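1. Model the following, please.
(2 chains)
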Amino acid sequence: NAGVTQTPKFQVLKTGQSMTLQCAQDMNHEYMSWYRQDPGMGLRLIHYSVGAGITDQGEVPNGYNVSRSTTEDFPLRLLSAAPSQTSVYFCASSYLGLQFFGPGTRLTVL
Amino acid sequence: EDKVVQSPLSLVVHEGDTVTLNCSYEVTNFRSLLWYKQEKKAPTFLFMLTSSGIEKKSGRLSSILDKKELFSILNITATQTGDSAIYLCAVEGGSEKLVFGKGMKLTVNP
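-> Reported below is the predicted structural model:
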């Protein structure tokens, strides 16, 4: 039982490049979410999904896209990376309000 | 707009001290309040509180919720250097969405 997994662990991008952060869970949780964490800002919700085929925006969705074609996977896409998207990204899945976090992806945009 | 405010935002103590972390919230459709501990990686779950006045306890850590005054406290007694971390408070306002506070950085010096 791997829990929530994220890849890659680290990534460096140039401004304007696109990439996808991968997230997968094997707990059969319906609810999944993406957060970004910046110093002194806590965790801010980017997008979330309440089940396969259903996604919605969180607090800071601009510049990010998501899709949820299966229960297990919830990838986050950066369409055109900007330095303001330099952050640590956490994926989480949830059951009865208790969120389980992945190990995080540290992204730097130059 | 749902809001979670933690105080203080940072605290430096000596080993053996007792600390109290505060979390106040404004959220529609409150379902639960959660405390997480974050070291150099993903947040790990400490407590989930749903009922007012019932203390949750785990070793030297304890937490209580006041739903009338809309706040929670996290107490750590006899602090150790291993308690150094960021402590995050989050509130679930329905649909399993969590709103996080900015976090409190605790440093415990030997």
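2. what does chain A put close to chain B?
-> Residues of chain A that fall close to chain B, judged by Cβ under 8 Å from any Cβ of the partner chain: A:31, A:33, A:35, A:40-45, A:48, A:50, A:58, A:90, A:94, A:97-104. The way it works is simple: take the backbone N, C-alpha and C, and place the C-beta from them, glycine included.
3. Mind checking which of the residues you listed land in strands?
-> Judged by DSSP state E, the subset of the residues of chain A next to chain B located in strands is A:31, A:33, A:35, A:43-45, A:48, A:50, A:90, A:94, A:98-101.
4. from the middle of its chain, how far away would the lowest-mean-pLDDT helix or strand in chain B be?
-> Sorting the helices and strands of chain B by mean pLDDT, DSSP states H and E puts strand B:98-100 at the bottom, at a mean of 91. Strand B:98-100 sits 12 Å away from the centroid of its parent chain (Cα atoms, centre = their mean, to the nearest Å).
5. what do you get for stretch B:42-56?
-> A distance of 8 Å separates the C-alpha centroid of stretch B:42-56 from that of its chain, computed with Cα atoms, centre = their mean.
6. So is that stretch next to chain A?
-> Yes. If you take Cβ under 8 Å from any Cβ as the test, stretch B:42-56 does meet chain A, through B:42-45, B:48.
7. Dump the residues you listed to CSV, plus secondary structure, pLDDT and neighbour count.
-> Compiled in CSV, the residues of stretch B:42-56 next to chain A are given as follows (DSSP: H, G, I helix; E, B strand; the rest coil; pLDDT from 0 to 100; neighbours: other Cβ atoms under 10 Å in any protein chain shown):
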residue, secondary structure, pLDDT, neighbour count
B:A42, coil, 92, 20
B:P43, coil, 93, 27
B:T44, strand, 93, 13
B:F45, strand, 93, 13
B:M48, strand, 94, 18
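8. closest to chain A among those?
-> When the residues of stretch B:42-56 next to chain A are compared for distance to chain A (Cβ to the nearest Cβ), B:A42 comes out closest, at 3.9 Å.
9. Who are the packing partners of the least confident helix or strand of chain B?
-> Contacts of strand B:98-100 with other secondary structure elements, assessed using 3 or more Cβ pairs under 8 Å, 6 or more residues apart in numbering or on different chains; DSSP states H and E, are made with strand A:43-51, strand B:3-7, strand B:85-92.
10. Pick the most deeply packed of those strands.
-> For the helices and strands packed on strand B:98-100, the stretch with the most neighbours on average is strand B:85-92, a mean of 24; neighbours defined as mean count of other Cβ atoms under 10 Å in any protein chain shown.
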